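[1] Curious how this folds, go ahead:
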Amino acid sequence: MKALIARKLGMTQVYDERSRLVPVTVLQAGPCTVIEKKTVEKHGYYALQLGFGRKKAKNVSKAVRGHVKAAGLEDTPPATIMEFRSDKDSDLQVGAAMDASIFSAGDFVDASGTMKGRGFQGVVKRHNFAGGRYSHGGGWKRKPGSIGQCEFPGRVDRGKKLPGHMGNVRRTVQNLQIVKVSPENNVIMLKGAVPGPVGGDVFIRAAIKK
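    A predicted model of the protein is given here:
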């Protein structure tokens, strides 16, 4: 299973082999420690729980410290724990380390992250509505306009695009190509943008469909 927990460091540009400028997202990918290994016989499915980063032991609950004890991380518990499912059993055992070297340039991955929270927004910013005109008596500039219906059915349709909470949801971008891998620094550069702010956690795994 090829999967890692990473931290988004930001974006930059690099030149490819044809001297074309390529926008890339730089990720600190690993090292990740295998905290728990799940099997079909015991849990009903195959998966690996990975830990990334470090926290002070005093800032982690006893339940978490007990959970990571088998991996030898009781004194330095991970800051992020994520479970990655697999179709088959992995050769890795609890306590094993995974880093950026499991990927290579040219591979395709799916990257998941949590978008920036933007609070309560109107329809112009949230759904790209055009809004009303600013001249000739138009008094509804950035409003959604009429949303009602006639006597029948006399209600607003479910799923209508209206103002509301925007962002702070998990999104996945598929088939991002790895432009460069630096195993000695555990850095991976992905072509294009990845959801989430700088410093946020990003979960990457080998692309399911290319």
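
[2] what stretches of this structure score poorly on pLDDT?
    For the chain, the stretches with pLDDT under 70 are 209-210.

[3] Tell me how it divides into domains.
    3-118+169-206, 119-166 (automatic domain parsing).

[4] As JSON lines, these with mean neighbour count would be great.
    (Each C-beta comes from the backbone N, C-alpha and C, glycine too.) What follows is the domains of the chain, written out as JSON lines (neighbours: other CB atoms under 10 Å):
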{"stretch": "domain 3-118+169-206", "mean neighbour count": "16"}
{"stretch": "domain 119-166", "mean neighbour count": "11"}
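
[5] Can you tell me the centre-most residue of the protein?
    If you average the C-alpha coordinates of the chain and look for the closest C-alpha using CA atoms, centre = their mean, you land on Gly113, 1.7 Å from that point.

[6] Identify the residue spatially nearest to that one, adjacent ones excluded.
    On the basis of CB to CB, 6 or more residues apart in numbering, the spatially nearest residue to Gly113 that is not a chain neighbour turns out to be Gly196, at 3.2 Å.

[7] I figured the one you found was touching Gly167, is that so?
    No: if you go by CB atoms under 8 Å, Gly196 and Gly167 don't touch, sitting 10.3 Å apart.

[8] Pretty sure Val202 sits in a strand.
    Yes: read with DSSP: H, G, I helix; E, B strand; the rest coil, Val202 is one of the residues of a strand.

[9] Could you tell me which residues make contact with it?
    Contact partners of Val202, counting by CB atoms under 8 Å, 6 or more residues apart in numbering, are 5-8, 27, 111-113, 194-196.

[10] rerun that using 7 Å as the cut-off
    Applying CB atoms under 7 Å, 6 or more residues apart in numbering, one finds that Val202 lies in contact with 6-8, 27, 111-113, 194, 196.

[11] before we move on, what about Glu36?
    With CB under 7 Å, 6+ apart as the criterion, the residues that contact Glu36 are 49, 94.
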